[in-house]
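Colleague: Below are the sequence and a predicted model for it; my questions follow.
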Amino acid sequence: MHGIMKPDRKIMIISTASVAGREEEAGPLGGSFDLTDTKDDSFGMKTWEKAESEMQRLALGLALSKASLTDDDVGALFAGDLLNQCVGSNYGLSGYKIPYFGLYGACSTAAEGIMLSALTCDAMPVRAAAVTSSHYCAAERQFRYPLEYGGQRTPTAQWTVTGSGAFIVSSVEEDAEKRRGTRVPVITEWLPGYVVDRGITDVNNMGAAMAPAAADTIKRYFDGGHSPEEFDMIVTGDLGHEGSDILCELLLSERIDISKVHTDCGKLIYDAAAQDKHAGGSGCGCSAVVMAGHILRNICDGVLNSILFIGTGALMSPLALNQGSSIPGIGHLLHIKGEVL
Amino acid sequence: MDNGTYKKYVETRAKKSPTLKNCLRAFLCGGAICTAAHALKSLYLCFGMPDETAGMLTSVTLIFAAVLLTGIGVFDKIAKHAGAGTLVPITGFANAVASSAIDAKTEGFVLGVGAKIFTIAGPVILYGISAGVIYGVIYYVCRML
């Protein structure tokens, strides 16, 4: 079963916002983010965890204000991050009076949140918001080593992005009326991923843990009658350089060649030559800021027309890993098209 | 492709760390630290300190320098290039303790710093002492024979 879902209503992404840190601002997409903390990535907070919460609060606030919406105008809020108990989302969004659903999908959370927003909007004419974030300093503390620990990274290790992205998804007729004649990203299909575990145990090679899950979802999608040539871009988030190469090779062995149109949010966000980020970016904030700040904007501007976005997550738990388990991966697929309303 | 084949394929294609370059850097940096430590010890000996005290003071000075550099956010930048050169000498141990303490500061001095200061250094202390005890027992028994 392919499992591709098509909405009955028109599901529009009516507003996006991106908040990012210093390293992200210094990268190739630096100019695309709405707000950056170029001083110290603390966003005026005393702890890194609070800084991450603050990024989510700012991102959602910006997305709402861009669309001239208030809390009452949004029916559901799907949010997640990398931290234990999703504290980045729980605390950051506690001031909003919007029905809240916390998510954990590692780096796939942005795609998961947008997909659940789309599902909600397909069920009834409503607006839903998806917010995700990650903070390098908070994630390092939880998943790896203390920040000041003097260690070396392997070439396949990825760098957690400091950033938060917010998306407002809508199926409300009034929103379509307001945007009549303008180009808007519309979600036309989605395909939720399966949890795929190929036995990878190397925490410094998350791309290898996620690539089979992305390949599985993409293959199921193309088995449903599509081909890579139909798309301007197939963007994964975030396999990084290593995982992207593995994905293309895995799909090529299935006679699906996506190499001409494939890119990855983890590859786009940092300058591989100038910034020492090894295999590229990762984290819930990576695909969120790249999609919100760069790719969806390109769809609105007509640079891109039809894209596939596959949010990929390495569902890694340090505890389970220490107990001998491997790292499962997941890949959620969204088909987004630019449409003049 | 089964899981075993996939794992082998991933390991084969992954770009390896530059071992030779890393070894050379570790040798140079580690060597430089040890040479500086020896110069320090000679200096302490010049001040008329006994050999044992001079050795101990040298270790304390290195620990202080490593903790200071960790505190001002410089140690990890050096260690990124030096690798085992900064990790193997006593500087690596000092950094492991200090960095854990700095990180846990926001969680308080008891449940934060107190509970997490030896997160990285803990296994080294536990098994280092255990190995010392076992070695001591073996040495004692050998002497009895």
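Modeller: On my side now, so go ahead.
Colleague: Quick check: phi and psi at A:Leu333.
Modeller: phi -110, psi 140 (degrees, to the nearest 10).
Colleague: and it, how far is that from B:His81?
Modeller: Look at A:Leu333 and B:His81: by C-beta to C-beta, to the nearest Å, they are 41 Å apart. Placement of C-beta: from N, CA and C, glycine included.
Colleague: ok, the residue most central in space within chain B to B:Ser59 distance?
Modeller: For chain B, B:Gly92 is the residue whose C-alpha lies nearest the centre (C-alpha atoms, centre = their mean; 2.5 Å). Look at B:Gly92 and B:Ser59: by C-beta to C-beta, they are 13 Å apart.
Colleague: likewise A:Ser108?
Modeller: Distance from A:Ser108 to B:Ser59, by C-beta to C-beta: 48 Å.
Colleague: out of these two, which sits in the more crowded spot?
Modeller: A count of neighbours by other C-beta atoms under 10 Å in any protein chain shown puts A:Ser108 above the other of A:Ser108 and B:Ser59, at 34 against 15.
Colleague: Assign a three-state SS to that one, would you?
Modeller: helix (DSSP: H, G, I helix; E, B strand; the rest coil).
Colleague: What ranges does chain A have for its strands?
Modeller: Along chain A, the stretches classed as strands by DSSP state E are A:11-20, A:35-36, A:76-80, A:100-103, A:127-134, A:159-160, A:163-170, A:183-191, A:233-237, A:262-264, A:281-282, A:306-314, A:329-340.
Colleague: Quick one, which of those strands gets closest to B:Ile134.
Modeller: strand A:306-314 (39.6 Å; C-beta to C-beta).
Colleague: Centre of the chain to the closest one, how far?
Modeller: 8 Å (C-alpha atoms, centre = their mean, to the nearest Å).
Colleague: Who does the residue lying closest to A:Ile11 once chain neighbours are set aside form a beta bridge with?
Modeller: Excluding its sequence neighbours, the residue lying closest to A:Ile11 (C-beta to C-beta, 6 or more residues apart in numbering or on different chains) is A:Ile187, at 4.3 Å. Under DSSP bridges, the beta-bridge partners of A:Ile187 are A:Ile11, A:Ile336.
Colleague: Smallest distance to chain A belongs to which residue of chain B?
Modeller: Nearest to chain A in chain B, going by C-beta to the nearest C-beta, is B:Ala79, at a distance of 2.6 Å.
Colleague: since we're on that residue, how many residues are nearby?
Modeller: Residues near B:Ala79, counting by other C-beta under 10 Å, number 25.
Colleague: wait, what's in contact with it?
Modeller: A:Gly150, A:Gly151, A:Gln152, B:Thr86, B:Leu87, B:Gly92, B:Asn95 (C-beta atoms under 8 Å, 6 or more residues apart in numbering or on different chains).
Colleague: Can I take it that it is in a helix?
Modeller: Yes - assessed with three-state DSSP, B:Ala79 lies in a helix.
Colleague: Near chain B, which residues of the stretch 1-150 of chain A are found?
Modeller: A:Lys46, A:Thr47, A:Arg141, A:Tyr145, A:Pro146, A:Leu147, A:Glu148, A:Tyr149, A:Gly150 (C-beta under 8 Å from any C-beta of the partner chain).
Colleague: Could you turn the buried ones of these into a PyMOL selection?
Modeller: Listed next is the PyMOL selection for buried residues among the residues of the stretch 1-150 of chain A next to chain B, using 16 or more other C-beta atoms under 10 Å in any protein chain shown:
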select buried, chain A and resi 141+145+146+147+148+149+150
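Colleague: quick one on the thing from earlier: let me have the strands of chain A in CSV, adding mean pLDDT and mean neighbour count as columns.
Modeller: Formatted as CSV, those follow (pLDDT from 0 to 100; neighbours: other C-beta atoms under 10 Å in any protein chain shown):
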stretch, mean pLDDT, mean neighbour count
strand A:11-20, 97, 26
strand A:35-36, 96, 19
strand A:76-80, 98, 26
strand A:100-103, 97, 17
strand A:127-134, 98, 32
strand A:159-160, 94, 24
strand A:163-170, 98, 32
strand A:183-191, 97, 21
strand A:233-237, 96, 28
strand A:262-264, 97, 23
strand A:281-282, 94, 34
strand A:306-314, 97, 28
strand A:329-340, 97, 23
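Colleague: Please convert these to CSV, extending it with distance to A:Ala26.
Modeller: As requested, the strands of chain A are exported to CSV (distance: least, C-beta to C-beta, whole Å):
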stretch, distance to A:Ala26
strand A:11-20, 10
strand A:35-36, 9
strand A:76-80, 26
strand A:100-103, 29
strand A:127-134, 17
strand A:159-160, 12
strand A:163-170, 13
strand A:183-191, 27
strand A:233-237, 20
strand A:262-264, 19
strand A:281-282, 12
strand A:306-314, 25
strand A:329-340, 28
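Colleague: do you know which of those strands lies nearest B:Ala104?
Modeller: Counting by C-beta to C-beta, and looking across all of these, nearest comes strand A:159-160 at 19.3 Å.
Colleague: which one is the residue of the stretch 101-250 of chain A found nearest chain B nearest to, not counting chain neighbours?
Modeller: Using C-beta to the nearest C-beta, the single residue of the stretch 101-250 of chain A nearest to chain B is A:Gly150, 2.6 Å away. Of all residues not flanking A:Gly150 in the chain, B:Ala79 sits nearest, at 2.6 Å (C-beta to C-beta, 6+ apart).
Colleague: in the top helix by length along chain B, what's buried?
Modeller: Determined from DSSP state H, the single longest helix within chain B is helix B:19-46. Of the residues in helix B:19-46, B:Asn22, B:Arg25, B:Ala26, B:Cys29, B:Gly30, B:Ile33, B:Ala37, B:Leu40, B:Lys41, B:Tyr44 count as buried by neighbour count, 16+ other C-beta under 10 Å.
Colleague: What segments of chain B are helices?
Modeller: Under DSSP H, chain B gives helices at B:3-13, B:19-46, B:51-71, B:75-82, B:84-87, B:90-104, B:115-116, B:122-144.
Colleague: Show me how far the fourth one is from its chain's centre.
Modeller: For helix B:75-82, the separation from the chain centroid amounts to 13 Å (computed by C-alpha atoms, centre = their mean).
Colleague: Helix B:51-71 and that helix, what's the angle between them?
Modeller: For helix B:75-82 against helix B:51-71, the angle by axes from the mean of the first three to the mean of the last three C-alpha atoms, to 10 degrees is 100 degrees.
Colleague: swap in the longest one?
Modeller: Compare the direction of helix B:19-46 with that of helix B:51-71 by the same axes, to 10 degrees and you get 130 degrees.
Colleague: Report all helices and strands that helix B:19-46 contacts.
Modeller: The contact analysis (3 or more C-beta pairs under 8 Å, 6 or more residues apart in numbering or on different chains; DSSP states H and E) places helix B:19-46 against helix B:51-71, helix B:75-82, helix B:84-87.
Colleague: Nice, that's everything, thank you.
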